[in-house]
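Novice: sequence plus the predicted model coming up.
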Amino acid sequence: MDTPSRRTTLTIALCFIVALIEGFDLQAAGTAAAGLRQTFALDPKMMGWVFSAGIIGLLPGAFFGGWIADRIGRKKILIVAVLLFGVFSLSTAYVGSFSSLLLVRFMTGLGLGAALPNLIALCAEAVGEQRRGTAISIMYAGVPLGGALAAVVAMLFPEHWQTTFIIGGLAPLLVVPLMMVLLPESSAFRQQQNSVNPTRTSTGQALFGEGRARVTLALWLSYFFTLTVMYMLLNWLPSLLLEQGFSKPQAGLVQMLFNIGGALGSLLGGLLLDRCNGIKVVLFVYTGLLAALGGVGLSVGIIPMATAGFAAGLFVMAAQLVLYALAPPSYPTSVRATGVGAAVAIGRLGSVAGPLAAGQILAAGAGTTGVLLATSPGLVIAALTIISVIARSAPLNVAMSKAKA
């Protein structure tokens with residue numbers, strides 16, 4: 001018998017597996033960079049375009065993946081998204097030219113982008129309000145773990161970079177049949193579709209109608225500035241450490257601890273949000289992140305720096321998970337994936353802006369301290385705007401309940 005608890009367990013388990021594969025494919029190009037550079041004779045500028053092509057694909061993927069899912073279903077779009085990034089990740093192993101490489105990385109990014117808002121929406125709608133943060137945390141913990149697996153595969157097959165993309169392509173294609181058979185469609189979406197007059201709203205109305213303009217803009221600001229810092233650290237942390245005089249092995253150790261902290265932070269953010277006052281959680285997480293960034297800028301020994309790197313990973317991922325948990329309840333079922341997808345897409349703009357801004361600040365001679373100081377105002381804005389979302393969410397939910405009644 002298909003009980004609610006069984007449906008919930010199946011949904012979270014399958015979404016975790018997809019997130020694991022997503023994390024693997026997100027990190028695949030980075031872990032296979034040396035092989036790609038050699039095979040295609042790429043200079044640093046061309047290599048930058050290979051990375052950027054995937055990130056550029058994430059933006060329209062996240063937005064349109066959410067928008068279409070609100071019309072035809074989360075499950076259908078998630079399956080299409082997984083097929084898309086599976087096929088084009090596999091294709092990466094076999095392309096023969098630089099232009100083909102850019103195309104398959106863009107298409108892979110498109111699929112990866114479309115998957116995330118639907119993973120968040122499915123997990124959020126599979127559980128009650130009290131466990132929403134925990135469900136999203138468990139699912140999203142798959143992303144850093146998948147990234148770690150990509151690094152392991154690259155270490156095991158250093159001479160065969162194609163192996164990473166073959167595994168990253170075959171895994172999603174093998175999971176698709178399981179999803180088709182076992183993954184339940186969101187019950188909230190089904191109920192909304194079966195209502196007498198299922199609502200159809202324009203994108204503008206979905207994001208800004210019925211008093212949602214302030215919440216939408218607040219989410220966008222928080223996502224943008226938080227992911228700016230996260231991707232700046234993911235891309236530049238080793239270089240910043242080398243600039244401060246640390247050796248390559250020491251920089252590698254700090255980067256590893258940053259990722260371990262991220263995996264723990266992905267669980268911590270949602271768990272805290274479900275068990276504690278939301279405003280206190282946001283203040284704790286963003287204060288911790290600012291302190292950790294201060295530690296990265298000021299630490300002189302490897303032990304303080306390793307501690308700061310671990311803390312930076314933990315708090316930046318916890319902050320991201322708080323944002324992912326707060327976006328779904330800000331929108332009604334009929335436009336939820338659109339709202340989450342738009343916020344994720346704005347966050348992806350931050351993921352492009354962060355590394356670029358760090359490069360410009362370093363080029364101007366400001367050094368590590370200058371980069372970290374430049375991020376602080378954005379994090380303060382992110383914290384204040386997400387607190388405004390929490391403060392408004394209770395009266396907004398009451399108003400929506402009255403409107404339905």
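Specialist: Ah, there it is.

Novice: low pLDDT regions in the protein?
Specialist: Residue ranges of the chain with pLDDT under 70: 1-4, 194-202, 235, 393-405.

Novice: can I see the domain layout of it?
Specialist: 4-189, 203-404 (automatic domain parsing).

Novice: now do the first one: distance to the chain's middle.
Specialist: Centroid separation between domain 4-189 and its chain, computed with C-alpha atoms, centre = their mean, to the nearest Å, is 10 Å.

Novice: now the last one
Specialist: In terms of C-alpha atoms, centre = their mean, the centre of domain 203-404 is found 10 Å from the chain centre.

Novice: correct me, but residue 31 touches residue 165?
Specialist: No: contact status for residue 31 versus residue 165: not in contact, 10.2 Å apart, counting by C-beta atoms under 8 Å. Every residue, glycine included, has its C-beta placed from N, CA and C.

Novice: of these two, which one has the most company?
Specialist: Neighbours were counted for residue 31 and for residue 165 using other C-beta atoms under 10 Å; residue 165 has more, 27 against 20.

Novice: what's near enough to touch that one?
Specialist: Contact analysis of residue 165 by C-beta atoms under 8 Å, 6 or more residues apart in numbering lists 28, 32, 89-90, 92-93.

Novice: ok, residue 175 next?
Specialist: 14, 17-18, 21, 82.

Novice: ok, it to residue 81 distance?
Specialist: Distance, residue 175 to residue 81, by C-beta to C-beta, to the nearest Å: 12 Å.

Novice: repeat for residue 119
Specialist: Taking C-beta to C-beta, one finds residue 119 at 9 Å from residue 81.

Novice: same check, this time on residue 70
Specialist: Distance from residue 70 to residue 81, counting by C-beta to C-beta: 14 Å.

Novice: same question, residue 5
Specialist: 27 Å.

Novice: who has more neighbours, those two?
Specialist: Remark: of residue 5 and residue 81, residue 81 carries more neighbours, 27 against 7, as counted by other C-beta under 10 Å.

Novice: isn't residue 307 right up against residue 298?
Specialist: No: using C-beta under 8 Å, residue 307 is not in contact with residue 298; the gap is 11.9 Å.

Novice: of those two, give the one with the bigger neighbour count.
Specialist: Neighbour tally, residue 307 and residue 298, criterion other C-beta under 10 Å: the higher count belongs to residue 307, 18 against 14.

Novice: give the helix, strand or coil label for that one.
Specialist: Secondary structure, DSSP: H, G, I helix; E, B strand; the rest coil: residue 307 is helix.

Novice: tell me the contacts of it?
Specialist: Residues in contact with residue 307, defined by C-beta under 8 Å, 6+ apart, are 295, 299.

Novice: now, which of the contacts of residue 175 lie within helices?
Specialist: Among the contacts of residue 175, DSSP state H puts 14, 17-18, 21, 82 in helices.

Novice: are any of the residues you listed buried, and if so which?
Specialist: With neighbours counted by 16 or more other C-beta atoms under 10 Å, those contain buried members at 14, 17-18, 21, 82.

Novice: and those as JSON lines, adding distance to residue 187?
Specialist: Below are these laid out as JSON lines (distance: C-beta to C-beta, whole Å):
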{"residue": "14", "distance to residue 187": "15"}
{"residue": "17", "distance to residue 187": "20"}
{"residue": "18", "distance to residue 187": "19"}
{"residue": "21", "distance to residue 187": "25"}
{"residue": "82", "distance to residue 187": "21"}
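
Novice: and which of those is nearest to residue 279?
Specialist: Using C-beta to C-beta, residue 18 is the member of those that lies nearest residue 279, at 31.8 Å.

Novice: looking at it, the closest one is touching residue 78, isn't it?
Specialist: Yes: counting by C-beta under 8 Å, residue 18 touches residue 78, with 7.0 Å between them.

Novice: shared neighbours, the two?
Specialist: By C-beta under 8 Å, 6+ apart, the residues touching both residue 18 and residue 78 are 115, 119, 179.

Novice: TSV for those residues, including distance to residue 108?
Specialist: Below are the shared contacts of residue 18 and residue 78 laid out as TSV (distance: C-beta to C-beta, whole Å):
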residue	distance to residue 108
115	11
119	16
179	18
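
Novice: now, which of those sits nearest residue 333?
Specialist: residue 119 (16.3 Å).

Novice: show me the contacts for the closest one.
Specialist: 15, 18-19, 22, 78, 139-140 are the contacts of residue 119 under C-beta under 8 Å, 6+ apart.

Novice: rerun at 10 Å
Specialist: Residue 119 makes contact with 11-12, 14-16, 18-19, 22, 74, 78, 81-82, 136, 139-140, 142-143, 324, 340 under the criterion C-beta atoms under 10 Å, 6 or more residues apart in numbering.

Novice: show me where the stretch 301-405 of the chain has helices.
Specialist: Ranges of helices in the stretch 301-405 of the chain, per DSSP state H, counting those that start in this stretch, are 302-326, 336-363, 367-404.

Novice: for residue 102, which of the ones you listed is the nearest?
Specialist: Judging the helices of the stretch 301-405 of the chain by C-beta to C-beta, what sits closest to residue 102 is helix 336-363, at 15.6 Å.

Novice: quick one: the closest one to helix 302-326, angle?
Specialist: Calculated by axes from the mean of the first three to the mean of the last three C-alpha atoms, to 10 degrees, helix 336-363 forms an angle of 150 degrees with helix 302-326.

Novice: and helix 336-363, which residues are buried?
Specialist: Going by neighbour count (16+ other C-beta under 10 Å), the buried part of helix 336-363 is 336-355, 357-359, 361-362.

Novice: which other helices and strands contact it?
Specialist: Packing partners of helix 336-363 (3 or more C-beta pairs under 10 Å, 6 or more residues apart in numbering; DSSP states H and E): helix 44-72, helix 74-92, helix 98-126, helix 187-194, helix 203-208, helix 213-243, helix 302-326, helix 367-404.
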